[in-house]
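A.B. asks: got a structure for you, letters missing:
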């Protein structure tokens, strides 16, 4: 669209909540005849959440007991936890489900609770319940940016709000694709998340933002292994300037709950350093978490060799 996009300005999760409510409202039976495309998209969202697409949507509410979006259908209560670039924390979803079940007036006993973890920003892991007695895994689903693009791509045109949201999400996808076959120093944060997520399949890994005095970096941690009373692992640190990569640091790390372990275990660190590939510099700053060897990556090949 050759015109301003409201979602370039309405970038918060609250704005995304509002869009979800707007989209799902068209799923009510009274809009089926006059807004057939919008009606279908609302029910495609239900289907993505593993709810029958023919379920009648009865009500949609925002911020009920801190739940981002609460959808009631004939047979389900759907809790939508809506995220852009943040992550679920402090067992939010479990608390929402427990609270919903503790108030009989809020839920009919014949309705089943479903949860949708909806994340349009950098996507690493889908949601997994921390308490399967409260929320079995088959009652959870995780939707990411591409899932919403799949819903919108064929039917959104003709509705300026739907078109705008589609174009906003699609612009992120295009930024990621534009980095394909380019030097890693041109990559943006979305591309790094996409690349690391796909490259690290089969590894135990995590990705997150690490703030520091220099402005922070995206950290990726993986390949943990127990060593004595600590753990050895790899870390990738990606720093940015003006939206592009400024440095990629490949680190071998050792961590222990006790600072005394590393302070008094120089021989252990020397042994770990001796097993590091050529080209890495040894580091001697020790503490509870120690970088004992590191290298500045020059290209994607350096990163892939480090990942292994």
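C.D. replies: That came in fine, so what should we check first? All figures in this text were calculated on a predicted structure; none of them were measured in a lab. Residues are numbered from 1 along each chain as shown.
A.B. asks: mind giving me the domain ranges of the chain?
C.D. replies: 6-173, 184-307 (automatic domain parsing).
A.B. asks: compare these and say which comes out lowest on pLDDT.
C.D. replies: Mean pLDDT is lowest for domain 184-307 among these, at a mean of 87.
A.B. asks: distance between it and the chain's centre?
C.D. replies: 20 Å (Cα atoms, centre = their mean, to the nearest Å).
A.B. asks: what is the end-to-end distance of that domain?
C.D. replies: 15 Å (Cα to Cα, to the nearest Å).
A.B. asks: and if you look at stretch 121-141?
C.D. replies: End-to-end distance for stretch 121-141, by Cα to Cα: 16 Å.
A.B. asks: turn the domains of the chain into TSV, including mean neighbour count.
C.D. replies: In this view, the C-beta of every residue, glycine as well, is placed from N, C-alpha and C. Output for the domains of the chain, formatted as TSV (neighbours: other Cβ atoms under 10 Å):
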stretch	mean neighbour count
domain 6-173	17
domain 184-307	15
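A.B. asks: how about the strands in the stretch 101-250 of the chain?
C.D. replies: Taking DSSP state E, counting those that start in this stretch as the criterion, the stretch 101-250 of the chain carries its strands at 112-119, 140-144, 205-210, 217-227, 230-241, 244-256.
A.B. asks: any chance of these in JSON lines, plus distance to residue 301?
C.D. replies: Listed next are those as JSON lines, based on distance: least, Cβ to Cβ, whole Å:
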{"stretch": "strand 112-119", "distance to residue 301": "30"}
{"stretch": "strand 140-144", "distance to residue 301": "28"}
{"stretch": "strand 205-210", "distance to residue 301": "19"}
{"stretch": "strand 217-227", "distance to residue 301": "17"}
{"stretch": "strand 230-241", "distance to residue 301": "14"}
{"stretch": "strand 244-256", "distance to residue 301": "12"}
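A.B. asks: ok, and the closest non-adjacent residue to residue 158?
C.D. replies: residue 37 (6.9 Å; Cβ to Cβ, 6 or more residues apart in numbering).
A.B. asks: what's the distance between the residue nearest to residue 193 when sequence neighbours are not counted and residue 29?
C.D. replies: Leaving aside its chain neighbours, residue 193 sits nearest to residue 122 (3.9 Å; criterion: Cβ to Cβ, 6+ apart). The gap separating residue 122 from residue 29 is 37 Å, by Cβ to Cβ, to the nearest Å.
A.B. asks: try residue 119
C.D. replies: Distance from residue 119 to residue 29, by Cβ to Cβ: 30 Å.
A.B. asks: and if you look at residue 9?
C.D. replies: Taking Cβ to Cβ, one finds residue 9 at 33 Å from residue 29.
A.B. asks: can you give me the helices in this structure?
C.D. replies: 13-25, 36-48, 92-102, 145-152, 160-178, 189-199, 259-263, 266-274, 300-307 (DSSP state H).
A.B. asks: nearest to residue 76, out of those helices?
C.D. replies: Checking the helices of the chain against residue 76 by Cβ to Cβ gives helix 36-48 as the closest, at 8.4 Å.
A.B. asks: what's that closest one in contact with?
C.D. replies: For helix 36-48, contacts defined as Cβ atoms under 8 Å, 6 or more residues apart in numbering pick out 20, 23-27, 31-32, 52-55, 57, 73, 78, 116, 141, 143, 147, 151-152, 155-156, 158-159, 162.
A.B. asks: and if we set it to 7 Å?
C.D. replies: Applying Cβ atoms under 7 Å, 6 or more residues apart in numbering, the contact partners of helix 36-48 are 23-24, 26-27, 31-32, 53, 55, 57, 143, 147, 151-152, 155, 158-159.
A.B. asks: how about stretch 275-291?
C.D. replies: 251-256, 259, 262-263, 269, 273, 292-295.
A.B. asks: quick one, what contacts residue 207?
C.D. replies: Contacts of residue 207 by Cβ under 7 Å, 6+ apart are 124, 193, 196, 218, 220.
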